[in-house]
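> kindly generate the corresponding structure for this input.
(chains A and B)
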2 protein chains.
Amino acid sequence: MKKLINDPRNVVRESLLGLAVAHQDIIRVHYDPHYVVRADAVVGGKVGVVSGGGSGHEPMHTGFVGRGMLDAACPGEVFTSPTPDQIEMATRAVDGGAGVLHIVKNYTGDVLNFEMAAELCAAGGIEVQAVVINDDVAVQDSLYTAGRRGVGTTVLAERICGAAAERGYDLQQVADICRQVNANGRSMGMALTSCTVPAAGKPTFSIGDDEMELGIGIHGEPGRERAPLKTAREITEIMAEVVIADLPFISGDRVIAMVNGMGGTPLLELYIIYNELARICQRQGLNIVRQLVGNYSTSLEMAGCSITLLKVDDGMVALWDDPLHTPALRWGI
Amino acid sequence: MKKLINDPRNVVRESLLGLAVAHQDIIRVHYDPHYVVRADAVVGGKVGVVSGGGSGHEPMHTGFVGRGMLDAACPGEVFTSPTPDQIEMATRAVDGGAGVLHIVKNYTGDVLNFEMAAELCAAGGIEVQAVVINDDVAVQDSLYTAGRRGVGTTVLAERICGAAAERGYDLQQVADICRQVNANGRSMGMALTSCTVPAAGKPTFSIGDDEMELGIGIHGEPGRERAPLKTAREITEIMAEVVIADLPFISGDRVIAMVNGMGGTPLLELYIIYNELARICQRQGLNIVRQLVGNYSTSLEMAGCSITLLKVDDGMVALWDDPLHTPALRWGI
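This is a model prediction of the structure:
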């Protein structure tokens, strides 16, 4: 295992220490249990937006805390769900009296622990609504999931809901927007290489020099198919076809498109994938109105990518463009 | 070779096609020869700021074209200098009558070709000044360089000079600021793995499972030492000590700090390195006033990192904070 770490047991804590000192103008980090909150929390009267999940997917979620996106993020150990007390404390820390939205990726452990935290918060008088993101079209059930997994659409949901909360929308409105984003977003990923969880010390899976895993999960869990390596064009066609057919996205739709790197794929290649995706969208009559190309929801150092399409209306695009200031995404501020 | 590409011969062109369609609000791409210019070029009366170099270091330089940074970037083939005619055409395309600054990383091919382009431009009546960045403290001469190599400080110079040009500073002033940034910036890098140039199809160098290359160049060229793999703390101490002693940076100095990923190292690890660097700076009395943590000057999918420290004054910090809108870096807009 070749990693820039000190001790496999301390990677999450030490990375959070670095995040905290780098971005002290935006965020504060609390330890034991770990959670990251906006430096200006609590924002009184505003709906709180909280997410979380296993670490190893950075910048998701800790890099998305700040004005216009998340109020708090709960990072678990690498590829491990955050604990109920961790989520409860983060929720309490950002409750400004208007309730809190939990944005939860659909993994069994995450869903259970967020549910438990929500009950604890409700008992303490905090109104919580939870929306489970399950946008991955690759597989119906998986190693860690009943139903579809939550992947790239989570990034877009956190941004759009964060903007809605910032505008002063109430909890029901913010939760409704989140459900709408989840309903209109679809993703699929693939990998060329495995990642190595620091505590495990060896690759999560093995894959041949001429193979790829189509429909990979963000923890390296199996996807649809182990297939011979294909060109960027063929890979993008395969993923886009499944994504587009699933919603379905139809000619005339306006979309936000994301080409997301899994952590170990250079930007040079991600833009090649984006070029293919843009060509496919044009052919299908889909109008890409906003885009993200880069590493947003990663799997440690895995080489590979995912694509996400989100059908949007004017309201969502306007929310997307609102001022945003987080460690990983920033505009208008 | 496992890469998300179509044809090793077309990676630069196809990646530029993706960049162009993704960021059509910010940039325009011209092909044969390739160069990227601001969408709003020419900005009349403004000094043009142009850089370039081999591709494979993305987002540097093409991702840094836009308001407040570069007016144009000239991407060569992967790890190959741009040609004189490419640089000349980019320079002509952004000359607003106030002259053009060439920011050149110190590699023999780059320096020669930028010099030749500058002569061609001068013959055409365009005033050009060139500043060569040579901030890499790792080695004196290298495989591709007489003198020190140009690395991370290039990113900071492009930003600060771009802001100065945007404010309307004249060519002499912008060039002087660039020389000042180069004089005050120092970097050093290291690698855990090699990268693979697409056209070569095999790793640039081989390295053992328990080894690292200290002082690596951004093309995988050898550094100071092949050494046993150490902890993030030890690695950061080694690099920071050389960087700090070289200027030297002294107690009370204000610095912009960059922890740069080589392309294949996850953000989780880069923040661990930043935590160590921040601790060292605090111990030495260096005050980090601004920072970048992420992939800015990469070597394809190489795993590893570099650190850069730039001593700054109030004027440089103010320029740093000016509005910026490029594909890779954005704030205030």
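
> now for the helix or strand containing residue A:90, which elements pack on it?
Assignment of secondary structure by DSSP states H and E places residue A:90 within helix A:84-94. When contacts are defined as 3 or more CB pairs under 8 Å, 6 or more residues apart in numbering or on different chains; DSSP states H and E, helix A:84-94 packs onto strand A:35-38, strand A:48-55, strand A:72-78, strand A:100-105, helix A:108-123. C-beta: built from backbone N, CA, C; applies to glycine.

> and the contacts of the first one?
Defining contact as CB atoms under 8 Å, 6 or more residues apart in numbering or on different chains, one finds that strand A:35-38 is touched by A:16, A:19-20, A:26-30, A:52, A:62, A:65-67, A:70-75, A:82, A:86, A:89-90, A:93-94.

> one more: the fourth one?
Taking contacts as CB under 8 Å, 6+ apart, the residues outside strand A:100-105 that touch it are A:47-51, A:53, A:70-71, A:87, A:91, A:94, A:110-111, A:114, A:117-118, A:121, A:126-133, A:149-151, A:154, A:157-158, A:161, A:165, A:171, A:174-175, A:178.

> can you point out the buried residues in the helix holding residue A:90?
For helix A:84-94, a neighbour-count test (16 or more other CB atoms under 10 Å in any protein chain shown) marks A:84, A:86-94 as buried.

> for the nearest residue to residue A:323 once chain neighbours are set aside, give me the pLDDT.
Nearest residue to residue A:323 in three dimensions, chain neighbours excluded: residue A:332, at 3.8 Å (CB to CB, 6 or more residues apart in numbering or on different chains). The pLDDT attached to residue A:332 in the predicted structure is 97.

> and what of residue A:111?
On the pLDDT scale, residue A:111 is placed at 98.

> can you list the domains in chain A?
Here the domain assignment for chain A is A:13-183, A:185-321, based on automatic domain parsing.

> need those in TSV (columns: distance to residue B:39).
Output for the domains of chain A, formatted as TSV (distance: least, CB to CB, whole Å):
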stretch	distance to residue B:39
domain A:13-183	24
domain A:185-321	15
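
> does residue A:86 touch residue A:74 like I think?
Yes. The criterion here is CB atoms under 8 Å, and residue A:86 meets it with residue A:74 at 4.9 Å.

> so what's in contact with those two at the same time?
When CB under 8 Å, 6+ apart defines a contact, the residues bordering residue A:86 and residue A:74 alike are A:33-35, A:52.

> can you say which of those residues are buried?
A:33-35, A:52.

> looking at those residues, which is nearest residue B:207?
Within these, proximity to residue B:207 (CB to CB) peaks at residue A:34, which comes in at 33.7 Å.

> surely that closest one touches residue A:10?
No. With contact defined as CB under 8 Å, residue A:34 and residue A:10 do not form a contacting pair (11.6 Å).

> wait, what's in contact with residue A:1?
Residue A:1 makes contact with A:8, A:196, A:198, A:201-202, according to CB under 8 Å, 6+ apart.

> which residue is the nearest non-sequential neighbour of residue A:165?
Distance criterion CB to CB, 6+ apart; nearest residue to residue A:165, sequence neighbours excluded, is residue A:47 at 4.2 Å.

> the nearest residue to residue A:69 once chain neighbours are set aside: helix or strand, and which one exactly?
In space, not counting the residues next to it along the chain, residue A:69 is nearest to residue A:162; the distance is 3.8 Å by CB to CB, 6+ apart. In this structure, residue A:162 is located in helix A:153-166 according to DSSP H and E.

> now find how far off-centre that helix is within its chain.
In terms of CA atoms, centre = their mean, to the nearest Å, the centre of helix A:153-166 is set 11 Å apart from its chain centre.

> could you do stretch A:58-78 as well?
9 Å.

> just to check, residue A:171 is in contact with residue A:47?
Yes. Between residue A:171 and residue A:47 a contact is recorded at 5.0 Å, counting by CB under 8 Å.

> higher neighbour count, these two?
residue A:47 (30 against 17; other CB atoms under 10 Å in any protein chain shown).

> how about the more buried one, phi and psi?
The phi and psi values for residue A:47, taken as degrees, to the nearest 10, are phi -60, psi 130.

> over to residue A:95?
The phi/psi pair for residue A:95 (degrees, to the nearest 10) is phi -70, psi 110.

> the closest residue to it other than its chain neighbours and residue A:43, how far apart?
For residue A:95, the nearest residue in space outside its immediate sequence neighbours is residue A:126; the separation is 4.9 Å by CB to CB, 6+ apart. Per CB to CB, to the nearest Å, residue A:126 is found 15 Å from residue A:43.

> and for residue A:233, the neighbour number?
Residue A:233 has 18 neighbouring residues, counting by other CB under 10 Å.

> for it, helix, strand, or coil?
Classification of residue A:233 by DSSP: H, G, I helix; E, B strand; the rest coil places it in helix.

> my guess is it contacts residue B:6. True?
Yes. Assessed by CB under 8 Å, residue A:233 is found in contact with residue B:6 at 5.3 Å.

> surely residue A:186 is in a strand?
Yes. Looking at residue A:186 with three-state DSSP, it is inside a strand.

> ok, it - contacts?
The contact partners of residue A:186, by CB under 8 Å, 6+ apart, come to A:135, A:137, A:153, A:243-244, A:246-247, A:249, A:308-310.

> next, count neighbours for the closest residue to it other than its chain neighbours.
Closest residue to residue A:186 in three dimensions, ignoring its sequence neighbours and counting by CB to CB, 6+ apart: residue A:243, at 4.6 Å. By the measure other CB under 10 Å, the count of residues near residue A:243 is 26.
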